[in-house]
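Novice: Here's my sequence, what's the structure:
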Amino acid sequence: MARPVIYFDWDGTLGDSMDLCLGEIRLALKRMGLHEVEEEKIRACNGPTHEESVGVLGLDPAIGPEFLRQRRIAEQELIPQLLTVYPGTEQMLASLSQIADLAIVSNGQADYIRTSVEIMGYARYFTRLQASIPGLGKTEVLRKMLEEMQPERACLVGDRRTDIEAGYANALPTLAVTYGYGEAQEFLHATARAGSVAAAQHMLETWVALGHFGENET
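Specialist: Below you'll find the predicted structure:
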């Protein structure tokens with residue numbers, strides 16, 4: 001029997017990347033000689049795709065390509081310094097990888113996801129790393145992955161509205177992790193909620209064994 005597949009978002013679900021997001025955008029703006037942007041707007045860029053961040057920051061679309069180039073350069077420089085993970089993440093991945101295939105579906109760039117999992121030593125836990133695809137939202141990217149991988153059984157884990165909606169739209173049971181960057185109203189379509197990595201691990205182990213997440217856990 002084929003193993004079930006667990007699809008994980010990265011930012012706010014496994015990786016605690018807010019400091020990295022703040023640092024890379026500020027560095028990119030500085031290198032381009034642009035004015036500083038208020039922190040609230042920069043924080044709002046952690047979740048959307050890089051392309052979408054140009055509009056979130058209120059930048060002139062004409063300088064968007066150069067800003068994105070500078071942001072990617074800054075990101076690669078700062079990942080080793082500023083990217084962290086939530087406590088218990090490696091324990092969860094090590095346990096789950098014994099009973100399920102694990103995959104990442106992220107709005108991040110391919111080089112960011114690859115570098116992140118390599119630096120953290122997590123590459124061995126994942127069967128696939130899926131970054132954003134220009135022109136496609138997470139719902140469409142997840143649908144493409146499902147069509148290609150053809151899992152007999154799958155679920156999705158994420159912390160933002162786009163994650164939950166992607167799972168819901170693709171008829172997957174979806175676990176919202178409430179310790180990430182999402183607000184309560186973003187979890188309306190989630191099947192269940194976990195308030196810690198330990199809770200998420202337990203609920204995902206339950207899903208693999210029994211086909212459901214059990215009760216919400218804090």
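
Novice: Can you read off the pLDDT for the residue nearest to Gly180 when sequence neighbours are not counted?
Specialist: In space, and not counting its chain neighbours, Gly180 is closest to Asp159: 2.7 Å by CB to CB, 6 or more residues apart in numbering. From N, CA and C alone the C-beta is placed, and that goes for glycine too. Asp159 is assigned a predicted lDDT (pLDDT) of 97.

Novice: Make sure Asp159 is actually in contact with Ala184.
Specialist: No - using CB atoms under 8 Å, Asp159 makes no contact with Ala184, being 11.7 Å away.

Novice: which parts of the lengthiest helix in the chain are buried?
Specialist: Counting by DSSP state H, the longest helix found in the chain is helix 64-82. Buried residues in helix 64-82, counted by 16 or more other CB atoms under 10 Å: 64, 67-68, 70-72, 74-75, 78-79, 82.

Novice: Tell me the one of these nearest Leu210?
Specialist: Among the buried residues of helix 64-82, Ile79 lies closest to Leu210 (CB to CB), at 37.2 Å.

Novice: Just give the nearest non-adjacent residue to that closest one, would you?
Specialist: Leaving aside its chain neighbours, Ile79 sits nearest to Thr115 (5.4 Å; criterion: CB to CB, 6+ apart).

Novice: Next one: the one you found, what pLDDT does it get?
Specialist: pLDDT at Thr115 comes out at 95.

Novice: ok, now which ones touch Arg3?
Specialist: Contact partners of Arg3, counting by CB atoms under 8 Å, 6 or more residues apart in numbering, are 99-101.

Novice: Could you rank those residues by neighbour count and give me the top one?
Specialist: With neighbours taken as other CB atoms under 10 Å, the top of these is Ala100, carrying 21 neighbours.

Novice: which residues of the chain score low on pLDDT?
Specialist: Along the chain, the parts satisfying pLDDT under 70 run over 1.

Novice: So which residues of this protein form strands?
Specialist: Ranges of strands in the chain, per DSSP state E, are 5-8, 15-16, 84-85, 101-105, 126-130, 154-158, 174-177, 192-194.

Novice: Out of the ones you listed, which is closest to Met120?
Specialist: Taking CB to CB, strand 84-85 is the member of the strands of the chain nearest to Met120, at 6.0 Å.

Novice: who does that closest one touch, helix- and strand-wise?
Specialist: strand 15-16 (3 or more CB pairs under 8 Å, 6 or more residues apart in numbering; DSSP states H and E).

Novice: which helices and strands sit right next to the strand it packs on?
Specialist: On a contact count with 3+ CB pairs under 8 Å, 6+ apart, strand 15-16 meets strand 84-85.

Novice: ok so, going back, make TSV from the contacts of Arg3 and add distance to Pro87 to it.
Specialist: Supplementary listing: those in TSV, determined by distance: CB to CB, whole Å:
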residue	distance to Pro87
Ile99	22
Ala100	21
Asp101	24
